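Peer 1: predicted model and sequence below, questions to follow.
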Amino acid sequence: MSFWLLIPILLPIAAGAALPAVTGGKRGRLQVYVAAVVAANTVIALAIANAGYAGLRVLEITPVINLFLRTDDLARFFLVLASLLWLAVTFYAFAYIEREAKDAAFFRFFLMSYGAVAGAAMSGNLFTLYLFYELITLLTYPLVVYSGTPAAMKAGVKYLMYSFFGAGLALVAFVFVAHFGVTTDFTPGGVLDRALLAGNEGLLPFMFLLAFLGLGVKAYIWPLFDWVPASYPLAPAPAAALFSGVVSKVAVLAIIRTTFYLFGADFIFGTWVQTALIAITMFTVFSGSMLAYKEKLFARRLAYSSVSQLSYVLFGIILLNPLAFLGALLHVVFHGIIKTALFLCAGAVSRKTGKTYVYELRGIGKAMPITMWCFTLAALALVGIPPTGGFISKWHLAMGGITSNHPTLGFVGAGMLMVSAMLTAGYLVSIFAAAFFPGHNYDYKKLVNTEPGKLMTVPLIILAALAILPGMFPASLIEYINGIANVIIQ
């Protein structure tokens, strides 16, 4: 059974590499091929997740340099979320990517990126996680520069520079862990040896700061998020959706592994680095919301929104509080669903109408009712209106802040979440309000139905429903995630 762990990684990578030869540039054949690979990989991922814990160690070169895959509760959680979102985006992408000559180029790296994400989700040690983390950067770069325009190429360079800089920061911290740890396998409670650390305790908080900020580049932490608004509006909507909905969650997973499985919460709790990171995440929440509120370009507004919303998760992690951590994992789920839906809605609007600015969306709800209703439901969930999924996660995050052992910062953080929620309402509600209620002077005679086809709208409807329904019936999801949180934070 353990060798099955290689299949969700190798199948999409091999299929992506072979795609041009297998499909021969024929669009229909390509779509069947990609759909079959993604669907099969999703089924395999779900089967592996359902099978429970498994471990597989291959390519053991040294005790530190070896490939180790395992499916603990946290790995299965991220693997299932990534697989289901990837499947939804796949069918949407068939309708969105229209230039046949470049179909193969997009879907080749689309598939290979899926394999790298699966590898990161199932990583069982430091080397394996870092390997797949860097592989994701290389395989997603072609998705950023897909259009080939000078602006896209410039955004791609910025993406690489920020990603490699962040990875470099994390690598310095990982060398520290490898030197002072008893193992590099992920171990609940951490791997650092107090005897080995003797005399070097002062380095530990600084090294953790490097790791958190370095990995935080892909989780959009301040001040390292400038690549996000630069690249997301220029990438194809399916790629932007997966960056925000899935790839950013790999960074979150890496931060969780680093915090609780390498350094250990006991070494971090109550130190200056915890205080500093709580403050940085709160500032990122606020600054991202403010920048989104001021932004006029539709996709860039959503990009800044992601900057803010991902730091909700980071705030919940660094509080080192079980309730806040529960809220963080809940927000991983709902943010993944919601932001995937929002970017796909924005992509449908731009693809069908050519409109990319917020002020151009007045009355668009009359021409694209399904798309904009899905956008509205997802937007309300992101704001945190009861009984949506966003309300459930934000409630637990706020309660985690209030009940944390950092009363001042915890209360301030909870207040910052509420301020951010109001700003989120400001920059999202204004969009769908103008879309459905353009005013008495709007010329309805110019309306042309531009609703996309089912390949686009069905995934949007499913994602919009998932943004709402779990918030109405949250007990099972909370119980499941609480079980994961209790293992990680005692």
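Peer 2: Received the coordinates, thanks.

Peer 1: next helix or strand past the worst-scoring helix or strand of the chain on mean pLDDT?
Peer 2: Sorted by mean pLDDT, DSSP states H and E, the helices and strands of the chain end with helix 194-197, the least confident at a mean of 85. With elements assigned by DSSP states H and E, the helix or strand that comes after helix 194-197 is helix 203-215.

Peer 1: I'd like the next helix or strand past that following helix.
Peer 2: With secondary structure assigned by DSSP H and E, helix 203-215 is succeeded by helix 227-231.

Peer 1: give me the helices and strands touching that next one, please.
Peer 2: In terms of contacts (3 or more Cβ pairs under 8 Å, 6 or more residues apart in numbering; DSSP states H and E), helix 227-231 is packed against helix 150-180, helix 298-318. Every residue, glycine included, has its C-beta placed from N, CA and C.

Peer 1: off-centre distance for the least confident helix or strand of the chain?
Peer 2: On the basis of Cα atoms, centre = their mean, to the nearest Å, helix 194-197 sits 35 Å off its chain's mean C-alpha point.

Peer 1: likewise for stretch 274-283?
Peer 2: Computed by Cα atoms, centre = their mean, the chain-centroid distance of stretch 274-283 equals 20 Å.

Peer 1: got the buried residues for it?
Peer 2: Q274, L277, I278, I280, T281, M282 (16 or more other Cβ atoms under 10 Å).

Peer 1: which of the residues you listed fall within helices?
Peer 2: Using DSSP state H, Q274, L277, I278, I280, T281, M282 are the members of the buried residues of stretch 274-283 that sit in helices.

Peer 1: how far off centre is the host helix or strand of L326?
Peer 2: Taking DSSP H and E as the definition, one finds L326 inside helix 322-353. How far helix 322-353 lies from its chain's middle: 8 Å, per Cα atoms, centre = their mean.

Peer 1: just the CA atoms of the helix or strand just after it, as CSV, please.
Peer 2: Next helix or strand after helix 322-353 toward the C-terminus (DSSP H and E): helix 364-367. In CSV, the C-alpha atoms belonging to helix 364-367 read as follows (Å, rounded to 0.1, in the frame of the first residue of the first chain):
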residue,chain,number,x,y,z
ILE,A,364,-23.0,42.9,-15.3
GLY,A,365,-25.3,40.9,-13.0
LYS,A,366,-28.1,41.3,-15.5
ALA,A,367,-25.9,39.9,-18.4
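
Peer 1: for the next helix or strand after helix 364-367, packing partners?
Peer 2: Next helix or strand after helix 364-367 toward the C-terminus (DSSP H and E): helix 369-383. Helix 369-383 sits against helix 322-353, helix 364-367, helix 389-402, helix 407-436, helix 454-472, with contacts defined as 3+ Cβ pairs under 8 Å, 6+ apart.

Peer 1: mean pLDDT, mean neighbour count and distance to D193 added to those, as TSV?
Peer 2: Formatted as TSV, the helices and strands packed on helix 369-383 follow (pLDDT from 0 to 100; neighbours: other Cβ atoms under 10 Å; distance: least, Cβ to Cβ, whole Å):
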stretch	mean pLDDT	mean neighbour count	distance to D193
helix 322-353	94	26	25
helix 364-367	88	20	59
helix 389-402	92	24	30
helix 407-436	89	19	30
helix 454-472	93	20	41
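
Peer 1: if anything else comes up later, I'll come back, but that's it for now.
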